[in-house]
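Participant: Quick check, what structure comes out for this input:
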Amino acid sequence: MGVPLKPARNWWLWAGAGGFLLAMTLWSAQGIGFSFSELFCNLGSGSRLLQESWPPDFAFLPRLYQPFLETIYIAIIGTVVGGILAIPIAVLAARNLSPGKLIWFADRNFMNILRTLPDLFWAMLFAAAVGFGPVAGALALSVFTIAVVSKLWSESLEAVNMGLPEAVRSAGGSWLQMVQFGALPQALPHYVSYVLYAFELNVRASMVLGLVGAGGIGMILETQRANFEYERVTMIILAVLVAVLIIEQISESIRKRLT
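Facilitator: I've put the predicted structure just below:
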């Protein structure tokens, strides 16, 4: 019995790819003016900042309750509103379910526009439109959730077994009935998973949106940073980290039950 031949290893291909990536990295570093000497010279400032940030100011923790609760409110509203509005957008963006090529093309481009503009832009836009505060943050996260959930779920809808939708259609069902009874039940677990994932992202994003006046714990974080209260900044970061880890574990447990 002969020894099976090992497939030839294309070392030259890997070496070429590695060399290309290295060359592109060095070229990009030169383009942004990156310098190792400046990096090492500034390490002292970084270490001094770390020393000023530790230990955290635990006495500041009770003052984080209301801002963090506001952050949760913003994330919940953004997730629920955006998750609901993402359903028709995702359905029309699925090539196998969209009622026409023109509708599919327009809906796809609408999704691309939503994904192209970052959540920070939407926060600044809504803050200018409705004023600084949690309402602007909730609206911004609603748009962000639509962009995330509609993109992911439209791909799941395109992968459903079309046997059941076609059977509904053959039995005289309308296009809406075909989608409602034939396609959506198959992709529903994915939808719940994506919405939970969007909620995790929204809790993190709401912290950043507060930096532009969109409410939540991000506003108090920016205030403490501007006042050089780095011990309080560390306390805020640790509190958000613990909350995000708890939310992530709960979401993961729910997703496992759905699969």
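
Participant: Please tell me how far the residue nearest the centre of the chain sits from residue 195.
Facilitator: By C-alpha atoms, centre = their mean, the chain has its centre lying nearest to residue 201, at 4.5 Å. According to C-beta to C-beta, to the nearest Å, residue 201 and residue 195 sit 11 Å apart. For the C-beta atoms, the positions are set from N, CA and C on the backbone; glycine is no exception.

Participant: Equivalent analysis for residue 225, please.
Facilitator: Applying C-beta to C-beta, the value for residue 225 to residue 195 is 32 Å.

Participant: Next SSE downstream of the lowest-mean-pLDDT helix or strand in the chain?
Facilitator: Within the chain, no helix or strand scores below helix 43-53, which has a mean of 64 by mean pLDDT, DSSP states H and E. Using DSSP states H and E, the helix or strand that follows helix 43-53 in sequence is helix 65-93.

Participant: more neighbours, residue 225 and residue 195?
Facilitator: residue 195 (21 against 14; other C-beta atoms under 10 Å).

Participant: That one: what secondary structure?
Facilitator: At residue 195 the chain is in helix, as set by DSSP: H, G, I helix; E, B strand; the rest coil.

Participant: so what's the closest residue to it other than its chain neighbours scoring on pLDDT?
Facilitator: Leaving aside its sequence neighbours, residue 195 sits nearest to residue 83 (C-beta to C-beta, 6 or more residues apart in numbering; 4.4 Å). Listed pLDDT for residue 83 reads 90.

Participant: Pretty sure residue 83 sits against residue 149.
Facilitator: Yes. Shown here, residue 83 and residue 149 form a contact pair, counting by C-beta atoms under 8 Å, at 5.6 Å.

Participant: where do the contact lists of those two overlap?
Facilitator: Common contact partners of residue 83 and residue 149 (C-beta atoms under 8 Å, 6 or more residues apart in numbering): 195, 198.

Participant: residues contacting the spatially closest residue to residue 71 that is not a sequence neighbour?
Facilitator: Using C-beta to C-beta, 6+ apart and skipping the chain neighbours, the partner closest in space to residue 71 is residue 216 (3.8 Å). By C-beta under 8 Å, 6+ apart, residue 216 lies in contact with 67, 68, 70, 71, 74, 134, 137, 206, 207, 209, 210.

Participant: List just the nearest of the residues you listed to residue 234.
Facilitator: residue 207 (14.0 Å; C-beta to C-beta).

Participant: Spell out the secondary structure type for that closest one.
Facilitator: Put simply, residue 207 is helix when judged by three-state DSSP.
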